[in-house]
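Enquirer: Coordinates only, no sequence provided:
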C-alpha cells in the first residue's frame, strides 16, 4: 500500500471519532460503518470490504453491517446455527474463540463464499438488506479485529495481505470503534426506554377507549384507536384486523379496519360501518370448517398462544388474494401489490392480524408490541360481547313489550269489532225482517188493487215500479252489510280465540274483503289458492299476519299494480306466498326487516312492529317466514306452517316454564 503519514492517520481517526460523537439514533450505526469505510479508503488501504460483526451470546444471534463497492449490506438476528455455514468461511466457534481471547483472526475466502452464505440466509427467511457482492472466485485475505462487542471485519485481495503498518492503522480504528459501539448501546438503551414509554402510552390510550365503551358499536372505535396508535409507533402495515374464533358457535369472524378511500375507490360489495370520516369497519362471518376455516396454522397459533408469521409467495399468494377478493368484492391488481407478509398475534378470543407489503416491514419489535396490545383487545372484546348480549336482551324485552301492547290493542279492537258487529246485527235483523214484511205487504196491496173494478192506475203502477227498484237496492245494501259484518267477525274470530283447526284460505279471503276499499280500481289481486286441509293454529293471530303483509304490499305499490297470493300444500307444510309488484326492498335492509322498530316507510307511516310481530306469530306456530325482494320489481313473503303436529304455543311455553332445570 502507499505509505501514509501519521498526520493523515490522525486526521482519519479524528473524522471517524466525530462521526461517533454525532450519532443521535441507533440507525446511525449504519452511517458509522459507512464512515469507517470512507476513512479507510481515504488512507488508501485497498479495502474491498469493511464491516462489523456483533455477537449476542445470550440470544445466540449475530448482526452484521458491511460496506463494499456496491453499497451497504446488513443482516440482523441471524441465529448462530446459520452463521458461516458455507465452505470457505470460518466456523463460528473459531471466530467466537478469537473474539473472547481478544486475538486478531486471519483467514482467506472468496467473494463467492460470501454471496452463497447470504443466499442461504435469505432462503431461511432471514432478512438481508442491501446489494449482494458480485459472484467471483477471486480470493481475499480477511482480518477480524476484536472490540468490546464483536469484531471489525476487513478484506483485501489475497495478493496484497495485511502488513504490520496496515494492522497498526486498523488497530487504532478498532479502539475507537469500541467507544462508538458503546455509544450505540447507550442510544439503543435510551431508545428502548422511550419506545417502551410510547408503547405503554399507546396501550393506555386503547384502554381508555375500552373503558369509554357504552355500546357494542363502540368496538369499532377501539379497533380504530389501536390501528392509529400502531401507525404512530412507526409500524409499516397495510391492513389491520381482528379475527374472532368462536368455537362454541362454530363461527370465524373477521373485523377488518380499512381507510375510507378503499370504499370510495374500489366500492367493495361487503357492507362497511363507518367509524369516523377516515376509517371503515368491515365484518365477515364464515362457518368454521376443520382444516380450512380458519387455516390450520392460524388455529394452531391461537390454541397454543404462539405468534404466526407467514410470507406469501407464488400460488399461495394468488390463492389468498383471490379469497380476499371474493370476500371483499373487488380485485386487488396487480397481484404483486397484494400484502406478502401476514402477522397473527393471539389474544383471548382470536388473533390480532396485520399485513404488510414486504416481509421486512413487520419486525420482531412490532410483534412484541402486538403481544402487549393483546391484553387490551381481550378486555375490549369481552366488553363488546357483554354489550351485544345486553342489547339483545333489551331488544327482546322491547319486542315483548311491543307485542303485549299490540296484543292488548288487538284484543281491544276485537272486542270493539264484536260489539259493533253485535250492535249492527240487532237493527240489521229488524230491518231485514221489516223488509220482508214490507215486501209481502206491497204484494198484497198490489193484488188487492188489481181486484178492484178500476184496476191499478197508471200512476199506481209507476209508484209500484219505483218502490220495486228501491226495494232491490235495499236488498243489495242489506246483503252487503251482512257480508261485511260476517267478514269482520271472521277476521277477528273472537268466537274462535282458542287453538283450533281452520282453513287458512278463509282467513285470506276475509282479510282481502276488508281491504277492498284500498284495492278497488288500483290494484289487481290474483288468487291462486289450492284447496287446503285445516291446520291447528290461532286463526285471529294468523289473520293479523295476513293483514300486515297485504297492507305492506298495498303501500309498496305507488300506482297501479298487482298482488298475487298463492297457497300450496308441500311435504306436510302449508306454503303461503304473498307477492307484490311494488318498489322492492334494498339489499342492505333485507336482513333487518323483521327487527323490532326497523321500518323503511316514512315518518308517521310505519312503526316497524308489524313484520316483527308477524315473524313472532309464525315462530310461535312452529313455522317460518322469509322474504325475497328486488328493487323496482317487487317483494315476496313466503310463510310455511306445519299441517300436523303443531303445538299450542301458549301451552308449550307454560309447560317449558314448569319443567325442572
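Expert: Cool, the structure landed. Predicted model only: the values in this text are computed from it and were never measured.

Enquirer: next helix or strand past the top helix by length along the chain?
Expert: Ranked by number of residues, the top helix in the chain under DSSP state H is helix 364-451. Using DSSP states H and E, the helix or strand that follows helix 364-451 in sequence is helix 458-492.

Enquirer: how far does that next one sit from the chain's center?
Expert: What separates the centre of helix 458-492 from the centre of its chain is 65 Å, taken as C-alpha atoms, centre = their mean, to the nearest Å.

Enquirer: just stretch 254-271 next, same as before
Expert: Centre-to-centre, stretch 254-271 and its host chain are 10 Å apart (C-alpha atoms, centre = their mean).

Enquirer: what does it rub up against?
Expert: With C-beta atoms under 8 Å, 6 or more residues apart in numbering as the test, stretch 254-271 has contacts from 219-220, 223-224, 227, 239-244, 272, 274-275, 277-286, 327-330, 588. The C-beta positions use only the backbone N, C-alpha and C, and glycine is treated the same way.

Enquirer: mind listing what's buried in stretch 583-600?
Expert: Under the neighbour-count criterion of 16 or more other C-beta atoms under 10 Å, stretch 583-600 has 583-585, 593-594, 596, 599 buried.

Enquirer: pLDDT (mean, whole number) over it?
Expert: Per-residue pLDDT over stretch 583-600 has a mean of 80.

Enquirer: just how off-centre is it within its chain?
Expert: On the basis of C-alpha atoms, centre = their mean, stretch 583-600 sits 20 Å off its chain's mean C-alpha point.

Enquirer: just stretch 236-247 next, same as before
Expert: That offset, for stretch 236-247, works out to 10 Å (C-alpha atoms, centre = their mean).

Enquirer: returning to what we had before: pLDDT averaged over the longest helix of the chain - what is it?
Expert: Per-residue scores along helix 364-451 average to 79.

Enquirer: related to what we said a few turns ago, relative to residue 630, which of the buried residues of stretch 583-600 is nearest.
Expert: Distance to residue 630 across these (C-beta to C-beta) is lowest for residue 584, with 5.3 Å.

Enquirer: quick one: which helix or strand includes the residue sitting nearest the centre point of the chain?
Expert: Centroid-nearest residue in the chain: residue 283, 0.7 Å away (criterion: C-alpha atoms, centre = their mean). In the assignment (DSSP H and E), residue 283 maps to strand 279-287.

Enquirer: helices or strands up against that strand?
Expert: Applying 3 or more C-beta pairs under 8 Å, 6 or more residues apart in numbering; DSSP states H and E, we find strand 279-287 packed against helix 219-232, strand 251-259, helix 260-266, strand 272-274.

Enquirer: Quick one, which of these gets closest to residue 525.
Expert: Comparison of the helices and strands packed on strand 279-287 against residue 525 by C-beta to C-beta identifies strand 272-274 as nearest, at 40.7 Å.

Enquirer: Can you mark which positions in that closest one are buried?
Expert: Neighbour-count burial for strand 272-274, counted by 16+ other C-beta under 10 Å, picks out residue 272.

Enquirer: Wasn't residue 140 part of a helix?
Expert: No. Counting by DSSP: H, G, I helix; E, B strand; the rest coil, residue 140 is located in no helix; its state is strand.

Enquirer: That one: what's it in contact with?
Expert: When contacts are counted by C-beta under 8 Å, 6+ apart, residue 140 is found next to 48-49, 108-111, 155-158.

Enquirer: Which of the residues you listed are buried, as a PyMOL select command?
Expert: Of the contacts of residue 140, the buried ones can be selected in PyMOL as follows, counting by 16+ other C-beta under 10 Å:
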select buried, resi 48+49+109+110+111+155+156
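
Enquirer: Out of the contacts of residue 140, which is nearest to residue 644?
Expert: Distance ranking of the contacts of residue 140 against residue 644, using C-beta to C-beta, places residue 111 first at 87.6 Å.

Enquirer: Ramachandran coordinates for the closest one?
Expert: Dihedral pair for residue 111: phi -60, psi -30, per degrees, to the nearest 10.

Enquirer: Can you give me the neighbour number for the closest residue to it other than its chain neighbours?
Expert: Leaving aside its sequence neighbours, residue 111 sits nearest to residue 136 (C-beta to C-beta, 6 or more residues apart in numbering; 4.0 Å). Applying other C-beta atoms under 10 Å, we find 12 residues neighbouring residue 136.

Enquirer: show me the contacts for residue 136.
Expert: Residue 136 neighbours (C-beta under 8 Å, 6+ apart): 110-112.

Enquirer: Just confirm it is within a helix.
Expert: No. Looking at residue 136 with three-state DSSP, it is coil, so not inside a helix.

Enquirer: For it, give its distance to residue 69.
Expert: According to C-beta to C-beta, to the nearest Å, residue 136 and residue 69 sit 12 Å apart.

Enquirer: How about residue 539?
Expert: Counting by C-beta to C-beta, the gap from residue 539 to residue 69 is 94 Å.

Enquirer: ranges for the helices of the stretch 1-150 of the chain?
Expert: Ranges of helices in the stretch 1-150 of the chain, per DSSP state H, counting those that start in this stretch, are 6-21, 28-42, 92-101, 111-123.

Enquirer: and residue 570, what are its bridge partners?
Expert: On the basis of DSSP bridges, residue 570 is bridged to residue 573.

Enquirer: Show the contacting residues for the residue nearest to residue 225 when sequence neighbours are not counted.
Expert: Distances taken as C-beta to C-beta, 6+ apart put residue 209 closest to residue 225, at 4.5 Å, once the chain neighbours are dropped. By C-beta under 8 Å, 6+ apart, residue 209 lies in contact with 218, 221-222, 225, 380.

Enquirer: so where's this protein uncertain?
Expert: Across the chain, the ranges flagged by pLDDT under 70 are 1-2, 402-422, 454-456, 487-498, 596-598, 600-609, 645-661.

Enquirer: hang on, the earlier thing: tell me which of the helices of the stretch 1-150 of the chain lies nearest to residue 309.
Expert: Shortest distance between residue 309 and the helices of the stretch 1-150 of the chain, using C-beta to C-beta, is found for helix 111-123: 15.7 Å.

Enquirer: Mind listing what's buried along the strand holding residue 283?
Expert: By neighbour count with 16+ other C-beta under 10 Å, strand 279-287 contains the buried residues 279-283.

Enquirer: Nearest to residue 527 among the residues you listed?
Expert: The closest of the buried residues of strand 279-287 to residue 527 turns out to be residue 283 (C-beta to C-beta; 42.9 Å).

Enquirer: For that closest one, give the beta-bridge partners.
Expert: Beta-bridge partners recorded for residue 283 (DSSP bridges): residue 255.

Enquirer: re the thing from before, any chance of the buried residues of strand 279-287 in a markdown table, plus distance to residue 334?
Expert: What follows is those, written out as a markdown table (distance: C-beta to C-beta, whole Å):
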| residue | distance to residue 334 |
| --- | --- |
| 279 | 26 |
| 280 | 24 |
| 281 | 27 |
| 282 | 23 |
| 283 | 28 |
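
Enquirer: ok, so of the residues you listed, who is nearest residue 549?
Expert: Closest to residue 549 out of the buried residues of strand 279-287 is residue 283 (30.7 Å), distances taken as C-beta to C-beta.

Enquirer: Surely that closest one touches residue 251?
Expert: No. Assessed by C-beta atoms under 8 Å, residue 283 is found out of contact with residue 251, at 11.4 Å.

Enquirer: one step back: figure out which of the helices of the stretch 1-150 of the chain is closest to residue 389.
Expert: Closest among the helices of the stretch 1-150 of the chain, using C-beta to C-beta: helix 111-123, at 49.7 Å.

Enquirer: And that closest one, what's buried?
Expert: Judged by neighbour count (16+ other C-beta under 10 Å), helix 111-123 contains these buried residues: 111-118, 121.

Enquirer: Most remote residue from the middle of this structure, which is it?
Expert: Centroid-distance maximum for the chain: residue 453 at 98.8 Å, with C-alpha atoms, centre = their mean.

Enquirer: And the helices and strands packed on strand 279-287: which comes nearest residue 292?
Expert: strand 251-259 (9.9 Å).
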